[in-house]
Structures are given as structure tokens and as C-alpha cells.
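here is a sequence together with a model predicted from it:
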Amino acid sequence: MASSSSRRLSNGRSPLLRKQSQITAFFSSPTAKPSPSPLNPRATKPPLAVPSPSPPNPPSPPQEEETAVGRRLRVYWPLDDAWYEGRVEGYDVGSRRHRVRYDDGEEEVVDLASERYEWAAAADDEEEDVTPQPARKLRRLRRMSDAATAKSPGAVDGDETGDSAEVEDEDWKKDAAAEDDSEEVELDDEDDDEEVVAVKTRKGKKNNSLSMSASTPKLASGLGSASISGSTLSKKRRKVDAGALDCAKKFSFEPANTTGKVELKVPISCSQRELPLENAHTALTGEVAERFAQRQAEKFKFLGEGRKDAKGRRPGNPNYDPRTLSLPSQFLNSLTGGQRQWWEFKSQHMDKVLFFKMGKFYELFEMDAHVGAKELDLQYMKGDKPHCGFPEKNFELNLEKLAKKGYRVLVIEQTETPEQLDLRRKETGVKDKVVRREICAMVTKGTLTEGESLLANPDPSYLFSVAESYQCGSEKDQDGHTIGVCIVDVSTSKFIVGQFQDDAERHGLCSILSEIRPAEIIKPAKMLSPETEKALKSNTRDPLINNLLPSMEFWDAEKTIHEIKQYYCSLDTPGAGAQISSAYLPELLSELIEAGDKTYALSALGGSLFYLRQSLLDEKLLPCAEFERLTCSGLTNPIRKHMILDAAALENLEILENARNGGLSGTLYAQLNHCVTGFGKRLLKRWIARPLYERQAILQRQSAIATFKGSGHECAIQFRKDLSRLPDMERLLARLFSSCDKNGRSSKSVVLYEDASKRLLHQFTAALRGCQQMFQACSSISKGLPHVSSILDHFRDAFDWSEADRNGRIIPHEGCDPQYDAACIAIEEIESSLQKYLKEQRKLLSDSSVKYVDVGKDAYLLEVSENLRGSVPQNYELQSTKKGFYRYWTPEVKELISELSKAEAEKEAKLKCILQNLIQLFVEHHSKWRQLVSVVAELDVLISLAIASDFFEGPTCCPIIKESYGPDDTPTLHARNLGHPTLRSDSLGSGSFVPNDIKMGGPGNASFIVLTGPNMGGKSTLLRQIGANVPAESFELSLVDRMFVRMGARDHIMAGQSTFLVELMETASVLSSATKNSLVALDELGRGTSTSDGQAIAASVLEYLVHRVQCLGLFSTHYHRLAAENKDSKVSLCHMACEISKGGGLEEVTFLYKLTPGSCPKSYGVNVARLAGIPASVLQRANEKSSDFEASYGKRPGITKNKPSCAQEDKFAAIKDLFRVVKAMHHREDQASSLGMLHEVQKRAKVQAE
């Protein structure tokens, strides 16, 4: 019966979310009338008083329970925290339950012995006819009671009989044309958001047949009777183990199998993999599979083996588009209007999760509901149709959660109210039964613009678009490729665009990727070379991959130029023709277009612009976008302003992230980061990853840092104090700039319930305060500030910022807005006319007591004393009376009131436009605000670097940058008492860290150091110290154009590369790219192969770098014979000192960590094993084997010491051949061929060793 259904079916929502009835009505037939929109709400009934809680009433004897029939009472519903009145209509002796009919027409069977209720007064009971109250505008939640969780087999069986899945599934098959013209769900408005709509059943249907909502405003969709698993009658949503739902990023539907699992392949999102991998699937398991698997397998066969894209192509077709889906016509015909609307959106966006707006809630259906349950911890609605949702106020939170987890989210907003739908049907004659909805946003982790964490977390999420000069199957030059790049930071509206020549291994591209770690990659499908694809894969951290169709989606240069010209010209001259000049374009874009040879940079920009257009962000970002040139973009740039740190250097030196877990701990960035602003932290990262290569620029920075450490110390402290609570102004300003665009969710047609204008106002006042704080903080220490003082004064005079925050609206001061001022003047003039008229009437009636009064909505009534009634003119119209007084309107007053009403409406209209007008005025100066942010960021970073020097252990100094006068100058690096930039003794133990002196280059000094010594002797630590320039008593160096670092044994197993291959590839990059001004640090070269081969390669590389490249460098090795036989004056032999003593038959080594001239004869690896806890017997045997190996190794012939120059030339030729083989091997796809070439490398190395 209806009552049991009422109690059994809850809305299923967690009380922590907004209480909302289920929208499985979304999948059923309509009956209820449309509800009012928020633009024209109905009057609401005051809620019943809620007395203090009391314990349940004691059970009554049976005879008393039977006599209760016919009596009125009120019952307490705890979830609603409210009492509801009704009458006892019947009593069941077997179950001892009463049937209560509430005044709003709903019935319920309750056990009064376990409920809180109160009998009505006797007078109320005597009333025979009680007029049923209209249904509440927002139905109450089904309440939680003891009976709701009691297991009653009889009740459950009866319910399930009428609520079977077969009956409910019939709703999928009914003809959509049979739907009536009414709204499909009752969507009444209610000011109290905590209440919910109840879903009415269609007349003539069983009450499990529910209609799909027309998704009108205030919809809190309800679920009628659906099949219930188990016997629970709880009002709460049945708890589903989200862990049982192993929701991967791919789904597909297959027929039911014997295991009861259904494999899902509908692509939801993709990360490092490309979309889709048909074998990437997830099975529904456990309780989730029990509820949904059978229905999904039966109803969605077109998602399994029969799947086609929108153009009818199957997955095997090379042009198959997994983002779209072809829906069978029979399936479409079985859907209601609302269902069809959802599937039409979904079939075009199968790779996305749909946030489908229905009233006040965003709903997730079918496969999207599984994502919501797993990732957002939402609870499923009752029934066998996957469905969950959340209220509008949680939109940003849930959107951010899904996007950051790698999902693409499509936001579909309601753009029509039920009243507007009715009006449209009347005006156009259409028979639409569902309100309009539109796609208003497509959000991914690289396109997030909303969310509080964006203002709290300074790390950017970059979009990275790449194009290159590559044609599949063509003969290409292995020594150079043109790479076009566009990097977009959506949160700051910043575009970094450039083009460069890269080598065969894509070291330039790898460097950029290692620095920015993009969140998303945009690339033309099947148009990049295998080497570029490999670089994108190996130098990123699980980005979202977006393959766009070449030319059509990933625009070429010509299409990009046309699009950007059309857009920027339309900003200044709407409706401009096809012939558009570059005068309206940003400076960088004009340069790229006029250069004529930047086609790949423009194409990369085109790919990103198309992607932003698909995300509805292009028109938000471009008007105030900041375009920046790509710096340090390649290996062959003739003019270089920055030192190059390639991917190997950034990773090996742990500049931006550590090798342990990719975090910040122990990195140089973490050591130097003392910035107080988010935009300062981002700038510091860029400075660290791109050190300066101009001596004058370096000296200017040093001077600024010295100032903040000296005379400007107090100013620096005050600066940090003033800006310590400043929000991320760069992102806040970008968000404010983009608010001027009225597309997407900002469109006027979108039906929203949260007051977006208040939030925008708070952002505006926060931006004003932030700009004022920045200007004041900088004015005392910087002279390069933009002229913004007068602009800030204007906004300060325009309105009261604090009052606006309190009231949620701006009341402009006089002179701020001429139109608003004119409306205020018009009101004042009319009010003055009314006062003037009052004086005339007082004179006419000879009574100064005549006055205006307001009665209800009637204003400006002339109140006249009763004794003057006979003296009033005939044109006085009596409106009301009061004891001793009469109240009148006259035609003149009515006319003035009409004029006043119009003037006040005009004033209110102008007031609504004030905020947007002021923001528009603020945005017009966007370049000045960005300049102010840039100045503050630089000051923040300089002060941070000044503070960082106090955290170094031991003495610090300002490095001396040696000026290079000509090609004959020798590169120099001299340091005394050089410490480590990130390690301190307090982390290692008191006195644990030992500073060292180092001299390379300059008169009387070798340019290369060959470093030997025992294991754990600190060789790699010493190399890493080269990255720091302050923890020393003195530090002098010449400019370094590029640093090459090869450290540690790293096997790129996933890329199919061994230790030996990796180190040869990195070494080949050093030999091909190093110059005289480079700094090279090679650690343990040759460890990935045999001892003899490794020593031969190490010797050849060392000789090539010393005599041909002539750069500075450190070369650490365990090949002690290599050091012993090297008598080159340009090479300095050093080792890390140690003390040796005998103990228990084994040598015991004490590491001194001090750089000492001369070579070390052995590594003492057995001693390290002893420290690691290896058993003594094993150590003894290892020591014996080590001695035997050293004895046999020492008998081998040494390397010829003084080879003639012709032999040296032959060696250089051989080393070039060797690394040419390595490069060729890098491009071979055949594994057997690669192994053969690796053997060839070893052979050539042996030849050089002889």
C-alpha cells in the first residue's frame, strides 16, 4: 500500500548532503504540474513548531489502539526535525500498526508504540471534515525510525511484488509520444533548502512507475518505489561498499557471465594512456554488481561487442572515435524525454563524466554514477539504476576532486525554467516536455579555474601543446627537428609560445617537460615522431593525453592565424571583414606571424586554442591573456640569456623534485623557497630552472640580495609581514578578468541558486585590497612600480569596500556612476514634488496636520482629520479610514507615485549593473595590475634568496662572476670551504658534513678532476655542490652556458633501456652538445657493462672532453687503474680521503670525506658491506675474492701513455663512431637489432682500450 511504500523508500541521500528525494523519476513517466521558478516563487507556509524532543510514547493496550481510529494526532519525523498532523484511518490487529493519513494526502503505516506522537485536542477530534492541505512544496524526507530498520518479511514481500525490476523497466520502453504535456516531476519551490520534493505517480500507473524530471529549478528529484534489495526499510540510502567498485578510468558493458561480473569499457578518462584502450576495463563486483550488473548487461549491449561511434565505425576501424557512441533507434524510442536528453549528451561525450543539472542538484546517472560513488563518496539511490548526486553548493568541491583525479567533467546546466518552457510551448507550438539544458563547461585537471585550492596551492597545472616537423614514413634528419610548443596556465591566463631546433633525443623538449611537468598534453593524433612520443611519456608524471584530429582540431599555422585575427579584431571592431591586420594582436603573436617561419609554434598555439574553445575557456582567457616567449627552448639558439639545465641535470641534482618520491624534500627549491606569495613561489621555480647567463643581470641580482641582507633588511621584514596573508593575486586577478565573459556558467540564461554575484563581489573587493597592499608594500623599496595610485583612489572613492562585503551589494558614492546618479536625482525630484504638493494641500485645507502615511503597499496616502471631510475637493479618492482620520489619493499623487515607481525601478536596474561596470573598469587596467604582481613577485624571490643564505651551514659568500673576454680565456671554478646547499649537520649528526676546497681551470690548474675513493666517500655529494653558489668562504667561477650531469645507475625499464644504454645516451648528449663554457659532471661512467669495456669507454670520454671540448668537469670513477695511468697535465687526480686499520682480519675504513690530491688504489666495498650488517663469514670470503681479482687485474697491460697525435685523432674518430652507434640504436625499434648494436659498441670500446 502507499503507506508502506512511503516509509520504505528514502531519498537515499546522506544527511550530510542536502536532503533530496531520488530522481529515478528521471527514468519514468510524467504526471505532476510544473513548479514555479526561483524568479517567481510561490508563497510558503510557515513550518510547524518543533517542541523539544521527548521519549517515545509507551505502548498502549490493544483495546486503546483500536479506539484510536478516527482520532487526530501529529507525528514527529526526526530527519525533518518537524511534526506532521494527520488522522488515524485504520488499525491492523496482526501487525499492531496504525494507518495514518496526513493532511497533505500522504499515508503511512506506523507502530505508534515506537514513535513520538501527540494526540490532538478534543475539539480538533470532533471536527468531522478536515480539508486536505495541499502537498508541501518540498516534501519531507522519509524519517528514520525503529520500524524503518526492522526486518519484516511480510511487509517486504508485499512491497517487492509491486516494485519488481520488470515493472520499472517497462518505463524504459514506453513511447515518448505518450507523455502528457505536464512536467515529469513535481518541482515546487521552497525557501527551506533542507526539504525535498516528493515524486507523484502518474494516474493509472503503479506507484513504482516514476517519471523523469523536467529538471526545473529547485528540483530535488525524488525516487518513487523501486526494487529493494534485502529487507531494510531504512530511510537512509543503502550503504554501498565503494571499495567493491573498482572504478578505473575505462568502462564497458558486456553480457552477464557466470561470475556475475560485468566488464565496463565506456571511457571515462584517460591518463598516460591514449583513449581508449579497449582491454582496459573494470568489473563491477560485490554488492554493486549484484544491484546493477544484470540490468546493464541486458540493456546496454550496444556498449559491448556491438559498439559503434557516432558515424557507425567499429573499434577496429582506424578512424574510430571512442569519444562518441551510436545509440540504437529502438533504444532511443524507449526513452522518456529527459532520458533521451541525457543520452544525447552522453553519446557525444563518452570520455567524460556528466554533471547533469536538475533543479538545485547535479545528478550522475548510469556509468557516471559509479564514478561518483567511488571518487566522490556519493551514495547510490535505491533501485537497480545507478544514480547519485549532490547539491549545487558542493559543485566546486566535487568538480575539483574529479578533475584532479584525471577525469574529464562535462557540466550541463539548466538554461530554462518550467515557466519559460510553458511560454515557449505557447509561443512556438512546440511539444517539448523537458526544459532546455546546455553544455556550460568541460573541466579537466589542466583547465580548472574554480576551487579554493587554486588560491591555496601555488603549483601550476599546465596544458602542453606540441607540434613538430615530422611526417610518418619520411626520411628525416636525425640531427635536428623543429619543435613548436605552447604552454598554457589557465589559472593565470598565461601563454608561453615558442619554437626551437631539437636534437634526435629531444633533449630540449625533455628539459621543458622536466621543468613544468604538464598536467595535460595536447597533440595531433598520429603526427608526432616516435622519439617525441617517447620524450612525452618518459618526462611527465601521468598527464591527461588529448589526441586531436590534425588540421580539423589541431589547427595548422594558417588556420591559427585566421582564428586569432578574427577574435582580437572583433574585440575592437565587431563585425570586421576577412581582411584583418596584425595591429590588434598582442606583440608576441604579431612577431610570430610576421616572422613567417614559426609555423610549428603557431600550430601548437592553434591546438591549445581549439582545446580551450572546447572547454569554453577561449573567450574567458584571450581578452586579458599574457603571452610570453619560450626561453631556453633548445640547443641551437644563437643568443642565450639563460643557462641550460636539461632533464638529466634537473633530475640528478634534484633541483625541483627529489628522486625518492617526486616531492620537495631535499631539493634546491625547498632550500631556497622562503617566499610568502604563491606567485613568488612560481617565479622562484622558474629562476632556479633557468639560471642567468648574462653577467650584468647576475650582478644586479646579487646587488639586490646584498641590499636586503644589509641596509634593506628591515624593509624586507616589513614587506613579508605586509604580504604574508595576501591571496594568490596572480590567480585572483585572472579569475576576475575572465568574469567579464558571459558565456558558460556565467551566462544569464543559466539557472543557478547560489548567489554568484556575492562571490564575485567578494573576489572584487579582495582584489582591490590586495592591489592596495601590494602597492603600499612595494612603494618604500621599489621605484619601478606602475602608476596605479590614482586608479586605486578612484575605486576607494567609488564605494565603501567593507560595507559592500557586509551587505553583499555595492551602493556607489556620488559621482561613481553617472547613470545611477541620474536615477537618484530623478527620485529626489519626484519626492520633492510630492512634498511640494503636500504643502499645497495643507494650504488648500488650511490644516498643517495633513500628512502622508503608508498603509501596507499603499504609499503617500493623504491623511486628513475627520472634521475636514466636508472640505476635501471632489478629486480626492477615499482609500481607507482610521478612527478620526480619512486617507485619500488624488490624481496628482497617483501620477507622481507612478513616476516614482518607475524611477526606483530604474535605480535598482542601474544598481545591478554597478558591480559589472566597476569590474569592467578594473579590467581595463589589467596590464598595470599584472605589472604590479610581477614587481611584487621579484621582490618576494629576492628577499627569499637573501633569507636562504642564513640557512646554509658555515660561511657564505657572494660568488665572483669572472668576465670572459675572448676565446682564449680559460673557464674557472674556484671554491674554498665549499658546503652543501641542502644538507646540514643537524640532519646528519654534529660535525658530520665536511666542507672541501676545489679548483678547476685558471692558471696552473687542471680543467678536469678525476675523482676516486672508497664507496660512501662523498663523491656524488661533492658533485651536487656545484649547483650551489653561496655556501663557501669564497667562490669564483666563469659563466657556465650549460650543465651536464650524469649520476647514479638508472634503468629505464619501462622504456626498454638498460643502465648501460641510458648512460651511453646521456654521455653522447654531453659529447655532442658541450662547449668550452659548459660544466660536466659524470659519475661512475661505464658501470653498466664489464670492467674492461667500462674502463675503455670512460677513458675515451675523458680524453675527448679534456682535449677536444676543453670544458670544466668532474669525473668520478671506481676504475682506479684509469686514474693511475692518466698522466695528463689537464687532469687533476683526487680522491676522498680515508683511514685504514686492521681488525679481525679485515680492513676497517674510516671515511674522512675530504678531497685530497692523488688517486686511491681501491674502493673498499667490503667495508661498506660490513656497515650494512653482512655476516662476517661472507665479508671474509668477499675480501679474498677482491684480493684475487686485484692481483689478476693488475697483470693486464696498461693503456699506452704517450700516444702520438695521429693516434689521438683516431681515438676521437672512434669515439664519434661509438656514440653514433648509440644514437642509431636509440631509434631502432627492433629489439634483436638493438642488442646487436650494443655488442658492436662494446667491441669498439675494447678496440680503444688496446
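Yep, that arrived.

tell me the contacts of the residue nearest to Q702 when sequence neighbours are not counted?
In space, and not counting its chain neighbours, Q702 is closest to C958: 5.4 Å by Cβ to Cβ, 6 or more residues apart in numbering. In this view, the C-beta of every residue, glycine as well, is placed from N, C-alpha and C. The contact partners of C958, by Cβ atoms under 8 Å, 6 or more residues apart in numbering, come to Q702, I705, A706, V1030.

mind checking how far the residue nearest to the second one when sequence neighbours are not counted is from T982?
Put plainly, it is I705. Spatial nearest neighbour of I705, excluding adjacent residues (Cβ to Cβ, 6+ apart): A946 at 4.8 Å. To T982, A946 is 18 Å away according to Cβ to Cβ, to the nearest Å.

now E396
Going from E396 to T982 by Cβ to Cβ gives 37 Å.

which one of A946 and T982 has more residues nearby?
Between A946 and T982, T982 has the larger neighbour count (other Cβ atoms under 10 Å), namely 23 against 20.

for the host helix or strand of I914, buried residues please.
Assigned by DSSP states H and E, I914 belongs to helix 891-923. Residues 893, 896-897, 899-900, 903, 906-907, 910-911, 914-915, 917-919, 922-923 are the ones in helix 891-923 that count as buried (16 or more other Cβ atoms under 10 Å).

picking up where we left off before, quick check, the residue nearest to I705 in a helix?
Yes. Looking at A946 with DSSP: H, G, I helix; E, B strand; the rest coil, it is inside a helix.

can you name the residues that contact it?
I705, F708, K709, A716 are the contacts of A946 under Cβ under 8 Å, 6+ apart.

may I ask which two of the residues you listed are separated the most?
The widest separation within the contacts of A946, taken as Cβ to Cβ, falls between I705 and A716 and amounts to 10.1 Å.

quick one: low-confidence parts of the stretch 1051-1200 of the chain?
Residues of the stretch 1051-1200 of the chain meeting the criterion pLDDT under 70: 1051-1060, 1086-1092, 1119-1126, 1142-1147, 1161-1173, 1185-1187, 1189-1200.

which residues in it form strands?
Along the stretch 1051-1200 of the chain, the stretches classed as strands by DSSP state E, counting those that start in this stretch are 1079-1083, 1112-1116, 1131-1143, 1146-1157.

how about those in a markdown table, adding mean neighbour count and distance to K374?
Shown next, in a markdown table, are the strands of the stretch 1051-1200 of the chain (neighbours: other Cβ atoms under 10 Å; distance: least, Cβ to Cβ, whole Å):
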| stretch | mean neighbour count | distance to K374 |
| --- | --- | --- |
| strand 1079-1083 | 24 | 44 |
| strand 1112-1116 | 26 | 49 |
| strand 1131-1143 | 17 | 53 |
| strand 1146-1157 | 16 | 51 |
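
domains for this protein, by residue range?
Domains of the chain are assigned by automatic domain parsing as 2-178, 242-443, 460-646, 683-815+921-949, 818-920, 960-1247.

residue ranges with poor pLDDT in the stretch 101-250 of the chain?
Applying pLDDT under 70 to the stretch 101-250 of the chain flags residues 121-250.

that older thread, export the strands of the stretch 1051-1200 of the chain to a markdown table and tack on distance to Q879?
Shown next, in a markdown table, are the strands of the stretch 1051-1200 of the chain (distance: least, Cβ to Cβ, whole Å):
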| stretch | distance to Q879 |
| --- | --- |
| strand 1079-1083 | 94 |
| strand 1112-1116 | 99 |
| strand 1131-1143 | 104 |
| strand 1146-1157 | 100 |
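
for F993, which of these is the nearest?
strand 1146-1157 (7.7 Å).

which elements pack onto that closest one?
strand 996-1001, strand 1131-1143, helix 1165-1171, helix 1176-1193 (3 or more Cβ pairs under 8 Å, 6 or more residues apart in numbering; DSSP states H and E).

and the second one, which strands flank it?
I take that to be strand 1131-1143. Applying DSSP bridges, strand 1131-1143 is found paired with strand 1008-1012 (parallel), strand 1146-1157 (antiparallel).

do the same with the first one
For strand 996-1001, the pairing partners within the sheet under DSSP bridges are strand 972-978 (antiparallel).

what pLDDT, on average, does the helix holding I914 get?
The average pLDDT within helix 891-923 is 91.

repeat for stretch 739-756
For stretch 739-756, mean pLDDT is 84.

quick one: terminal-to-terminal distance for it?
In stretch 739-756, first residue to last residue: 11 Å (Cα to Cα, to the nearest Å).

which residues touch that stretch?
For stretch 739-756, contacts defined as Cβ under 8 Å, 6+ apart pick out 37-38, 217-218, 357, 360, 392-393, 395, 411, 413-417, 438, 440-441, 616, 619-620, 623, 760, 763, 808, 916, 919-920, 923.

just stretch 721-731 next, same as before
Identification of contacts with stretch 721-731 by Cβ under 8 Å, 6+ apart yields 454-456, 458, 491-492, 676-679, 682, 766-767, 770-771, 773-774, 776-777, 930, 933, 936-937, 940.

from E298, how far off is the closest residue to S529 other than its chain neighbours?
Leaving out its chain neighbours, the residue that sits closest to S529 by Cβ to Cβ, 6+ apart is Y470, at 4.3 Å. As for Y470, its distance to E298 is 47 Å (criterion: Cβ to Cβ).

what about those two, which has more around it?
The neighbour comparison of Y470 against E298 (other Cβ under 10 Å) goes to Y470, with 18 against 12.

just give the nearest non-adjacent residue to A649, would you?
Counting by Cβ to Cβ, 6+ apart, V1045 is the residue found nearest to A649 once chain neighbours are left out, at 4.4 Å.

got the phi and psi for the one you found?
Backbone torsions of V1045, given as degrees, to the nearest 10, read phi -130, psi 130.

got the contact list for it?
A648, A649, N652, L653, L1023, A1081.

can you tell me how far it is from A647?
According to Cβ to Cβ, V1045 stands 10 Å off from A647.

kindly report the same for R408.
R408 sits 28 Å away from A647, going by Cβ to Cβ.

neighbour-wise, which of the two wins?
For R408 versus A647, neighbours defined as other Cβ under 10 Å are more numerous around R408 (26 against 23).

count the neighbours of the residue nearest to that one when sequence neighbours are not counted for me.
What sits nearest to R408 in space, not counting adjacent residues and going by Cβ to Cβ, 6+ apart, is K352, at 4.2 Å. Residues lying near K352 (other Cβ under 10 Å) number 24.

just T482 next, same as before
18.

in terms of helices and strands, where is it?
Using DSSP H and E, the element containing T482 is strand 481-489.

direction included, what does the helix or strand following that strand pair up with?
Next helix or strand after strand 481-489 toward the C-terminus (DSSP H and E): strand 494-502. Strand 494-502 has the following strand partners under DSSP bridges: strand 481-489 (antiparallel), strand 626-629 (parallel).

can you say which of the ones you listed is nearest to A373?
Comparing those by Cβ to Cβ, strand 481-489 comes nearest, at 32.6 Å.

in that closest one, which residues are buried?
The neighbour-count check on strand 481-489 (16+ other Cβ under 10 Å) flags H481, T482, I483, G484, V485, C486, I487, V488, D489 as buried.

pLDDT check: weakest of these?
When the buried residues of strand 481-489 are compared by pLDDT, H481 scores lowest at 84.

list buried members of the contacts of stretch 721-731 by neighbour count.
Buried, going by 16+ other Cβ under 10 Å: 454-455, 458, 491-492, 676-679, 682, 766-767, 770-771, 773-774, 777, 930, 933, 936-937, 940, out of those.

show me the shaky parts of the stretch 551-700 of the chain.
For the stretch 551-700 of the chain, the stretches with pLDDT under 70 are 572-583, 632-640.

ok, which stretches of it are strands?
Under DSSP E, counting those that start in this stretch, the stretch 551-700 of the chain gives strands at 626-629, 644-645.

closest to P386 out of those strands?
In this view, the strands of the stretch 551-700 of the chain are compared for proximity to P386 by Cβ to Cβ, and strand 626-629 is the closest at 43.6 Å.
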